[in-house]
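Student: Structure of the sequence below:
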Amino acid sequence: MMQRITHIETHPDLTIDFTFNDGKKKHIDFKPFIGTDKLSAALKDYAYFQQVRLYENGRGIYWPNEFDFCPDYLHDFA
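Tutor: Now for the predicted structure:
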């Protein structure tokens, strides 16, 4: 079954709280995903980081520059 994200909440420390359709909740630190490449480097700015959105039907998250993550990866991320 493909997971779906039902709720997200960003935090100034570049973390996001997730709620999934199966009720699971996760708190994920995105700093390890932020590098020097153009796409991920934009996330260092919290004002930009807050622009994260859910794809239709919770099929992942994305930022305006199309940097994205699928819900299955986030659901199972350690």
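Student: what's around the residue nearest to Lys31 when sequence neighbours are not counted, how many residues?
Tutor: Among residues not flanking Lys31 along the chain, Leu14 sits closest, at 5.1 Å (CB to CB, 6 or more residues apart in numbering). Any C-beta I mention is one placed from the backbone N, CA and C, and that applies to glycine too. Neighbourhood size, Leu14 [other CB atoms under 10 Å]: 18.
Student: I'd say Leu14 and Phe33 touch.
Tutor: No. Using CB atoms under 8 Å, Leu14 is not in contact with Phe33; the gap is 9.1 Å.
Student: The closest residue to Tyr46 other than its chain neighbours: neighbouring residues, count only.
Tutor: Spatial nearest neighbour of Tyr46, chain neighbours left out: Pro12 (5.4 Å); criterion: CB to CB, 6+ apart. Residue neighbour count, defined by other CB under 10 Å, stands at 8 for Pro12.
Student: one step back: need the overlap of contacts for Leu14 and Phe33.
Tutor: Applying CB atoms under 8 Å, 6 or more residues apart in numbering, one finds that Leu14 and Phe33 are jointly contacted by Leu43.
Student: on that earlier part again, what distance do you get for the residue nearest to Tyr46 to Ala78?
Tutor: Noted for Pro12: a distance of 23 Å to Ala78, by CB to CB, to the nearest Å.
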